[in-house]
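Asker: Generate a structure from the sequence data that follows.
(chains A and B)
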There are 2 protein chains.
Amino acid sequence: MLRSHSKLVLLTPGPTPLHDEAVSALALPMLGHMDAEVLNLNAEIQADLRVMYGAPNAFTALLSGTGSLGMEAGFANLVEAGDDVLVLVNGTFGARMAEMAARYGANVRVVTAPSGEAIDPDDVARHLGRARMVALVHGETSTGVLNPLPDIARIVREKSDALLCVDAVTTVGMGPFDMEGLGIDYAYTGSQKCLSAPPGVAPVAISPRALARFDARRTPTPLWYCDFGGLRDYWEKRSYHHTVPVNLHFALHAALRAALREGLYARAARARDVGFAVLSALQPAGFTPFVPTEAARLPTVLALRLPPGLDDAAVRAELRRRGMSVTGGLGDTAGLIWRLGLMGESARPHLYRPFLATLEDLLGERDLVRRFDAALSLQVAAD
Amino acid sequence: MLRSHSKLVLLTPGPTPLHDEAVSALALPMLGHMDAEVLNLNAEIQADLRVMYGAPNAFTALLSGTGSLGMEAGFANLVEAGDDVLVLVNGTFGARMAEMAARYGANVRVVTAPSGEAIDPDDVARHLGRARMVALVHGETSTGVLNPLPDIARIVREKSDALLCVDAVTTVGMGPFDMEGLGIDYAYTGSQKCLSAPPGVAPVAISPRALARFDARRTPTPLWYCDFGGLRDYWEKRSYHHTVPVNLHFALHAALRAALREGLYARAARARDVGFAVLSALQPAGFTPFVPTEAARLPTVLALRLPPGLDDAAVRAELRRRGMSVTGGLGDTAGLIWRLGLMGESARPHLYRPFLATLEDLLGERDLVRRFDAALSLQVAAD
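Answerer: Next up is the predicted model:
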């Protein structure tokens, strides 16, 4: 009857290892989605999400699906046929945004940057035109690039009344996020990324301006399941819309509380410190940052170009056999890079030490662990 | 830090109490959505779903959302603007189908029946016309009505080439289901209903004919998240589409295995026996079946009209205080009825006995439990 089930060290860019308190909460007794206790828990989640997003006036909620549904809900609710939408594309997830916007009838224009490079804010200024929405990925999981969100947001806010829609999947929750200060209108993430909760819910934040745009729609959104009106029915008016995944609400609530208790600045420092130590360990062994410009490196996903001659598939298969899950490239970076997760519970030295020890064995390297520990103690001393 | 959390007896029409094996599986160690072990588990889920749906040639999968997303995915993928769609409406969920079909651009026509009555197959025959799709809810959770699916399916298959789309949320998994024999093209349910797994995934089955209709679309579906092509990428080609809620896959896998092990006929008998016993206990106390025609009563949701003078809100609030969750009506049945769940783990005497004992106390009734046990032993003797 019992199926074998591996226990792996997850070094992937999501899902991240679950937070202990999320695991405990997942096993709490089942309750109905309309029970007052669940509705009260939802209200606490909403308040905590406003803190996480830095958006005291936003409407916050969990969508009953993963991060891609968060992406989709933005376009489904805030785009109407013929709308001019500018999408900034420098990786798989930016390209997905352009695809979704087009499916909802937008007239999509794109600003691109080469793989591994950040979007240039000047390009955004040049192409802004009469866009009704500008959409971008803050941290591109597919390449490990951090786009300059504050600069882009300033341009959009100063020069247009476009809605600003941000994929915060690899950023929010692992550092301070200033949705209201930057004038962002819609932001989303997935529970299994920076919060280390199980996948299956997408925390979103919607600005009052975005809600006004939604309210002024000429036609209903096709996407009934994530209709902003339906979300408000459930999350504000406490009336039934659809059954929500309550066990995942329990777990997200616990993980989010734990994240805010630790502090968003402390979490940013943790990702930075562990990332610096991993890079310090691996760079002398021939791994090089895929993103050349240091300022454009995403602190939560370390993308490393593999040393010449390293057999990506074979080494990762052997790591998997030894209980460690490492993710390669995606799209045009497949076979070229590894993407190491530094979100939530994956930004922990005790995960990376055995990984580096195993690599010493597999690659015939020495001193990976020693360099890791030395860099880590340097960082901790500097903090 | 610890939040208080009630442990309730769930007598609701979903979510149902979790199956023990689903609870254990939910806590299994986290794995990535692209890990070979998860992909193999998915293949087992697909095979088991083909058995559950009685559809050896269907494409089966889990959608990463709850039952309403299952409903939405059917219309999103199988309807194009201007399609003639006939929706059979005799409750909240049939009405939701009509709403969704319209949002995806269908030319919606409806056949209705009064609340508490089943759809008349002759009405379907009369209105079939040139429908490209006929959509109906098998068991209307909102009223406890079982629609005559075999008769309706026969008419649709004999007289048209319309796709037949069936909401099997309260039926499949709690009894045999003959998707292929009846010529059904798309069917869906929610994990938290007859299977007693946690909510958050929607098991779906898609016929080869429905896939051919999808492949012949003139335009892509707006709904990227549930695009049938994307589903096949992940579930057949094992390539990345979106992050799936793996912990819920673990739990669904365990609950589905347990259901098939028990046997679909045995489960149908269990729902029928417990339902008969609850009705036997409550009918002499003035509760009457909301659905007058016995053949139209859904075995998995017992809808009972309340005795005159019973204060719905007050009694349910007191039951809740004593640890029992009971659901009232929905839409035009609010305040008039209770809807008692008999799906999966809710069709258990040990759940209903304390409920009936408490009702004896609250309503000043006698013999509810005695009548329940007597009816139950009669049924078991007859099996």
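
Asker: can you tell me how far the spatially most central residue of chain A sits from A:Y225?
Answerer: Closest to where the C-alpha atoms of chain A average out (Cα atoms, centre = their mean) is A:V169, at 1.6 Å. Going from A:V169 to A:Y225 by Cβ to Cβ, to the nearest Å gives 20 Å. Using the backbone N, CA and C atoms, a C-beta is placed for each residue, glycine as well.

Asker: Next one: the residue of the stretch 201-350 of chain A found nearest chain B, what pLDDT does it get?
Answerer: Nearest residue of the stretch 201-350 of chain A to chain B: A:P245, at 3.1 Å (Cβ to the nearest Cβ). Listed pLDDT for A:P245 reads 98.

Asker: Make sure the residue nearest to the centre of chain A is indeed in a helix.
Answerer: No: counting by DSSP: H, G, I helix; E, B strand; the rest coil, A:V169 is not found in a helix; it is coil.

Asker: give the contact list for it.
Answerer: A:G14, A:G67, A:G70, A:F93, A:V137, A:H138, A:G139, A:T141, A:Y188, A:T189, A:G190, A:K193 (Cβ atoms under 8 Å, 6 or more residues apart in numbering or on different chains).

Asker: again with A:P349
Answerer: A:V274, A:A277, A:F372, A:D373, A:L376.

Asker: just checking: which of those residues also lie near chain B?
Answerer: Among those, no residue lies close to chain B (Cβ under 8 Å from any Cβ of the partner chain).

Asker: Out of those residues, which comes closest to B:E345?
Answerer: A:V274 (42.8 Å; Cβ to Cβ).

Asker: For the closest one, what is the enclosing helix or strand?
Answerer: Secondary structure assigned from DSSP states H and E places A:V274 in helix A:264-282.

Asker: That helix packs against which elements?
Answerer: strand A:301-305, helix A:349-363, helix A:368-382 (3 or more Cβ pairs under 8 Å, 6 or more residues apart in numbering or on different chains; DSSP states H and E).

Asker: would you turn the contacts of A:V169 into CSV with neighbour count and distance to chain B?
Answerer: Converted to CSV, these look like this (neighbours: other Cβ atoms under 10 Å in any protein chain shown; distance: Cβ to the nearest Cβ, whole Å):
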residue, neighbour count, distance to chain B
A:G14, 29, 7
A:G67, 28, 6
A:G70, 26, 10
A:F93, 23, 11
A:V137, 31, 15
A:H138, 23, 17
A:G139, 28, 15
A:T141, 26, 10
A:Y188, 25, 13
A:T189, 31, 12
A:G190, 30, 6
A:K193, 32, 9
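
Asker: Keep only those of those that are in strands.
Answerer: A:V137, A:G139, A:Y188 (DSSP state E).

Asker: before we move on, the earlier item: contact partners for the residue of the stretch 201-350 of chain A closest to chain B?
Answerer: So A:P245 contacts A:S64, A:G200, A:V201, B:T66, B:P198, B:P199, B:G200, B:P245, B:L248 (Cβ under 8 Å, 6+ apart).

Asker: wait, which of those is closest to B:E21?
Answerer: Using Cβ to Cβ, the contacts of A:P245 come closest to B:E21 at B:P198, 12.1 Å.

Asker: give me every residue that touches A:L304.
Answerer: By Cβ under 8 Å, 6+ apart, A:L304 lies in contact with A:L279, A:L282, A:F287, A:T288, A:P289, A:F290, A:I337, A:W338, A:R339, A:L340.

Asker: Please name the bridge partners of it.
Answerer: Beta-bridge partners recorded for A:L304 (DSSP bridges): A:P289, A:W338.

Asker: What score does it have for pLDDT?
Answerer: Confidence score, pLDDT, at A:L304: 98.

Asker: so A:R257 makes contact with A:I45?
Answerer: No: if you go by Cβ atoms under 8 Å, A:R257 and A:I45 don't touch, sitting 9.2 Å apart.

Asker: who's more crowded, the two?
Answerer: A:I45 (22 against 19; other Cβ atoms under 10 Å in any protein chain shown).

Asker: helix/strand/coil for the more buried one?
Answerer: Classified using three-state DSSP, A:I45 is helix.

Asker: Helices - which of the contacts of A:P245 land there?
Answerer: B:L248 (DSSP state H).

Asker: Any chance of CSV for the contacts of A:P245, columns distance to A:N77?
Answerer: Formatted as CSV, the contacts of A:P245 follow (distance: Cβ to Cβ, whole Å):
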residue, distance to A:N77
A:S64, 15
A:G200, 20
A:V201, 18
B:T66, 19
B:P198, 27
B:P199, 23
B:G200, 21
B:P245, 22
B:L248, 25
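
Asker: so what's A:R50 up against?
Answerer: A:P56, A:A58, A:T60, A:A205.

Asker: what residues does the stretch 51-200 of chain A put near chain B?
Answerer: Contact residues (Cβ under 8 Å from any Cβ) of the stretch 51-200 of chain A with chain B: A:64-69, A:72, A:76, A:96, A:99-100, A:103-105, A:190, A:192, A:198-200.

Asker: For A:V110, grab phi and psi.
Answerer: When read as degrees, to the nearest 10, the backbone of A:V110 gives phi -130, psi 150.

Asker: Any regions of chain A where pLDDT drops low?
Answerer: Low-confidence segments of chain A, defined by pLDDT under 70, span residues A:1-2, A:380-383.

Asker: now the helices: where do they sit in it?
Answerer: Going by DSSP H, chain A shows helices at A:20-26, A:36-53, A:67-78, A:92-103, A:121-127, A:149-159, A:179-182, A:208-215, A:228-235, A:246-262, A:264-282, A:312-321, A:349-363, A:368-382.

Asker: May I see those arranged in JSON lines, with distance to B:F177 as well?
Answerer: As requested, those are arranged in JSON lines below (distance: least, Cβ to Cβ, whole Å):
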{"stretch": "helix A:20-26", "distance to B:F177": "30"}
{"stretch": "helix A:36-53", "distance to B:F177": "30"}
{"stretch": "helix A:67-78", "distance to B:F177": "28"}
{"stretch": "helix A:92-103", "distance to B:F177": "32"}
{"stretch": "helix A:121-127", "distance to B:F177": "53"}
{"stretch": "helix A:149-159", "distance to B:F177": "49"}
{"stretch": "helix A:179-182", "distance to B:F177": "46"}
{"stretch": "helix A:208-215", "distance to B:F177": "39"}
{"stretch": "helix A:228-235", "distance to B:F177": "29"}
{"stretch": "helix A:246-262", "distance to B:F177": "26"}
{"stretch": "helix A:264-282", "distance to B:F177": "48"}
{"stretch": "helix A:312-321", "distance to B:F177": "38"}
{"stretch": "helix A:349-363", "distance to B:F177": "44"}
{"stretch": "helix A:368-382", "distance to B:F177": "55"}
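
Asker: Lovely, talk soon.
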